[in-house]
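Participant: model this:
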Amino acid sequence: MSIVIVRGPDLLHAPPTPPASLPSPVMHGLAELACCAGKTIALRSCASERELLQTLTLCRRTQVELVLLDPGACSASPRLQALLAQQPLPYIEVHDDPPGQPEACLPDASGRRVGRAQGYGAHSYTLALSLALEHLGCSELDDVHVGT
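Facilitator: Numbers count the residues shown, from 1 in each chain. Coordinates of the predicted model:
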């Protein structure tokens, strides 16, 4: 597996609830873009902080090259920040917030963050994948370069 989208919960409450699904056209576009670059992409939506931490730990142990991480409501989590500080796996922080309504971000010194895609709604994932592919050396397939 090459790239994994890991999404944290939108709210921290009981019962745990995963984030809302990404729109089908966005997911389809992400899969197509990854495939054209010779990469696979998977999506994991986590219902709790615990599940988010477990998923990131599993990504580190498998063949994941890069994570697109939307921490959701866990941006301020000390446990998430500590895990990212230890994590050798690069990631791009993603927030699906609309323009002018920024979500809380992880602190700047949070692990091996390659970049941040924020403010474009669900299309922030498309921008993040473009950043990821450039980071992994697959940018020659895309006419648009995002400057990483």
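
Participant: Going along the chain, name the helices of the protein.
Facilitator: For the chain, the helices defined by DSSP state H cover 24-36, 49-61, 78-86, 124-135.

Participant: Which of those sits closest to residue 101?
Facilitator: helix 124-135 (12.3 Å; C-beta to C-beta). Just so you know, the C-beta spots here come from the backbone N, C-alpha and C atoms, and that holds for glycine as well.

Participant: could I have the closest one exported to CSV, CA atoms only?
Facilitator: In CSV, the C-alpha atoms belonging to helix 124-135 read as follows (Å, rounded to 0.1, in the frame of the first residue of the first chain):
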residue,chain,number,x,y,z
SER,A,124,-8.3,19.7,0.2
TYR,A,125,-7.8,16.0,-0.1
THR,A,126,-7.1,16.4,-3.9
LEU,A,127,-4.5,19.1,-3.1
ALA,A,128,-3.0,16.9,-0.4
LEU,A,129,-2.7,13.9,-2.7
SER,A,130,-1.0,16.2,-5.3
LEU,A,131,1.5,17.2,-2.6
ALA,A,132,2.0,13.6,-1.7
LEU,A,133,2.7,12.5,-5.2
GLU,A,134,5.2,15.3,-5.7
HIS,A,135,6.9,14.3,-2.5
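
Participant: Quick one: list the elements packing against it.
Facilitator: strand 3-7, helix 24-36, strand 66-70, strand 91-95, strand 113-118 (3 or more C-beta pairs under 8 Å, 6 or more residues apart in numbering; DSSP states H and E).

Participant: for those, which one sits closest to residue 58?
Facilitator: Each of the helices and strands packed on helix 124-135 was scored for nearness to residue 58 using C-beta to C-beta, and the closest is strand 3-7 (9.1 Å).
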